[in-house]
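1. return a 3D structure for these sequence lines:
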Amino acid sequence: MDKKDGVSVKILLSAEQIEKRVRELAQQISGDYRGRTCMAIGVLENGFMFMADLVRRMDVPVICQFLKPDMHEKIQGKSATTEIFYNQQIDVKSQHVLLVEGLVQSGITSDYLMHNMLAKGAASVKLAAFLDKSSARRVALRPDYFGFILDESFVTGYGLGSPILGRNLPYIQVTSGSTRMAGSPEETIR
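-> Predicted structure coming up:
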């Protein structure tokens, strides 16, 4: 673990590990979409880098679209709720949709988007998540495709990070706490 400006930094996933896993996912997804056009819809900002690398490695026809959430906190009495709006309506009717997320945590947003797309006539909807934080799940949702399982900690790099810094790093790092990641449910990286 390195120290930068008094903060402990540990690289969890190297650029090489990420590239290898994304290539494997692209092959798996291409096989599942063989003979069909895939409409990949990336959720900004966390999913942009993963989606770019993923679709470049897929060998089926791909339509690329993006959604950007706009979150508003609504305070009613002593409780607060967050409302999520999306900047663009995408016509998904009869499309085979691949929702691409950088990180799935509670699953609420992904679950909502997937059900919404099916209600709007999508032929199918699958979820690809670069990082799956299944320990934070609040709905019964499991990505159809995932790069790595993540438990605890705030990570930066590979499109993930604060609104300002860290997204451009070619690797994933953690800046505090202990983290467990896995390339599959059985494999753990420490």
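2. check contacts around L131.
-> Shown in contact with L131 (CB atoms under 8 Å, 6 or more residues apart in numbering): G102, L103, V104, F146, G147, F148, I149, L150, V155, L160, I172, M181. No exception for glycine: its C-beta is placed from N, CA and C like everyone else's.
3. against Y145, how distant is it?
-> 12 Å (CB to CB, to the nearest Å).
4. equivalent analysis for T175, please.
-> Counting by CB to CB, the separation of T175 from Y145 is 27 Å.
5. same drill for the two, tell me which one is more crowded.
-> Y145 (19 against 16; other CB atoms under 10 Å).
6. sticking with the nearest residue to R138 once chain neighbours are set aside, tell me its helix or strand.
-> Distances taken as CB to CB, 6 or more residues apart in numbering place S106 nearest to R138, at 4.2 Å, with adjacent residues excluded. Here S106, judged by DSSP states H and E, is contained in no helix and no strand.
7. isn't S106 right next to V139, touching?
-> Yes - using CB atoms under 8 Å, S106 is in contact with V139, at 7.0 Å.
8. quick check, pLDDT for the closest residue to S162 other than its chain neighbours.
-> Using CB to CB, 6+ apart and skipping the chain neighbours, the partner closest in space to S162 is T156 (7.0 Å). pLDDT for T156: 92.
9. for the one 5 residues further on, same thing?
-> pLDDT, G161: 86.
10. run through the residues that contact it.
-> Each residue near G161 by CB under 8 Å, 6+ apart is listed here: R167, L169.
11. please repeat the previous calculation with a cut-off of 10 Å.
-> Listed by CB atoms under 10 Å, 6 or more residues apart in numbering, the contact set of G161 reads E45, N46, G102, F154, V155, R167, N168, L169, I172, Q173, T175.
12. how far away is the residue nearest to R137 when sequence neighbours are not counted from H115?
-> Nearest residue to R137, sequence neighbours excluded (CB to CB, 6+ apart): G107, at 4.9 Å. G107 sits 12 Å away from H115, going by CB to CB.
13. can you pick out the residue with more neighbours from the two?
-> Shown here are G107 and H115; by other CB under 10 Å, G107 has more neighbours (23 against 11).
14. check contacts around that one.
-> 101, 114, 127, 129, 132-134, 136-143.
15. of those, which belong to strands?
-> E101, L127, A129, D132 (DSSP state E).
16. filter these down to the buried ones.
-> Buried residues within the ones in strands among the contacts of G107, counting neighbours by 16 or more other CB atoms under 10 Å: E101, L127, A129, D132.
17. top helix in the chain by residue count?
-> Secondary structure of the chain per DSSP state H: the longest helix is helix 15-32.
18. follow-up on the earlier one: looking at the contacts of G161, which are in strands?
-> Of the contacts of G161, the ones assigned to strands by DSSP E are G102, V155, I172, Q173.
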